[in-house]
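K.L.:
The following block contains a protein sequence and its predicted model.
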Amino acid sequence: MEVEEAIRRRRTLKAFRPEEIPEATVRELLELGVLAPNHHLTEPWRFWVLGPETLAKLVEATGDVKLTRSQTAVLVGITGAADEKEAEEDYAAAACAIQTMMLAARGRGLASYWRTPGVFSRPAFRETVGVGDDVRLVGLMHIGWPAEDFPEAPRRHAGHLTQWLP
């Protein structure tokens with residue numbers, strides 16, 4: 001699938017088939033994710049690939065059953081910002097990495113769903129995954145084989161959101 005087509009056809013899909021994504025495919029997505037722009041090449045992102053066992057433990061620890069929507073999820077966080085400005089740039093870089101991985105997933109026929117669940121703030125979540133307090137969690141990207149058809153692309157236009165200045 002061409003890049004423009006993946007952009008136009010990427011849609012959040014919350015229903016996944018029960019099969020796990022092959023490890024090699026997840027590695028490919030991560031390798032593409034780290035090609036996202038990042039200020040001064042800080043590479044602030046950190047990734048945790050969560051399989052079904054860990055996702056089930058997280059549900060047990062937090063009560064958030066939505067964590068098991070897919071059999072594979074990638075937790076994305078940032079670390080190492082020296083100040084507030086750098087932390088903002090790092091967050092944007094991690095968001096770009098997530099979007100890049102979601103587009104690459106769509107190009108492979110996979111569905112994805114980016115969440116920022118409230119359970120991120122619970123110590124039990126961090127303890128279960130082994131995420132230190134120095135990490136700001138950015139998102140949890142569920143990925144998997146779609147259990148339903150992708151919705152049609154909405155007819156969105158930039159015109160009413162754009163100002164052209166001389």
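P.N.:
Noted; the coordinates are in hand.
K.L.:
Find the residue at the geometric middle of the chain.
P.N.:
In the chain, the centroid-proximal residue (C-alpha atoms, centre = their mean) is Met141; its distance is 3.2 Å.
K.L.:
Would it be right to say that that residue lies in a strand?
P.N.:
Yes - note on Met141: a strand contains this position according to DSSP: H, G, I helix; E, B strand; the rest coil.
K.L.:
so what's it closest to, chain neighbours aside?
P.N.:
The spatial neighbour of Met141 that comes closest, neighbours along the chain excluded (C-beta to C-beta, 6 or more residues apart in numbering), is Val74 at 4.7 Å. Where you see a C-beta, it was placed from the backbone N, CA and C, and this is true even at glycine.
K.L.:
Helix, strand or coil: sort out the one you found for me.
P.N.:
strand.
K.L.:
Count the neighbours of it for me.
P.N.:
24 (other C-beta atoms under 10 Å).
K.L.:
residue contacts, it?
P.N.:
Going by C-beta atoms under 8 Å, 6 or more residues apart in numbering, Val74 touches 26, 29-30, 47-50, 101, 140-141, 143.
K.L.:
if we go to 10 Å?
P.N.:
21, 26, 29-30, 33, 47-50, 97-98, 101, 105, 112, 114, 139-143 (C-beta atoms under 10 Å, 6 or more residues apart in numbering).
K.L.:
The residues you listed in strands, which ones?
P.N.:
47-50, 112, 114, 139-143 (DSSP state E).
K.L.:
ranking these by neighbours, who comes first?
P.N.:
Leu140 (29 neighbours).
K.L.:
Show the pLDDT at that residue.
P.N.:
Predicted confidence (pLDDT) for Leu140: 98.
K.L.:
Distance of the residue nearest to it when sequence neighbours are not counted relative to Ala36?
P.N.:
In space, and not counting its chain neighbours, Leu140 is closest to Arg115: 4.7 Å by C-beta to C-beta, 6+ apart. Using C-beta to C-beta, to the nearest Å, we find Arg115 at a distance of 19 Å from Ala36.
K.L.:
What residues sit buried inside the top helix by length along the chain?
P.N.:
Counting residues, the longest helix in the chain under DSSP state H turns out to be helix 84-107. Buried residues in helix 84-107, defined by neighbour count with 16 or more other C-beta atoms under 10 Å: 86-87, 89-107.
K.L.:
what does stretch 146-154 give?
P.N.:
Quick answer for stretch 146-154 (16+ other C-beta under 10 Å): Pro146.
K.L.:
And for stretch 24-38?
P.N.:
25-26, 29-30, 32-33, 36, 38.
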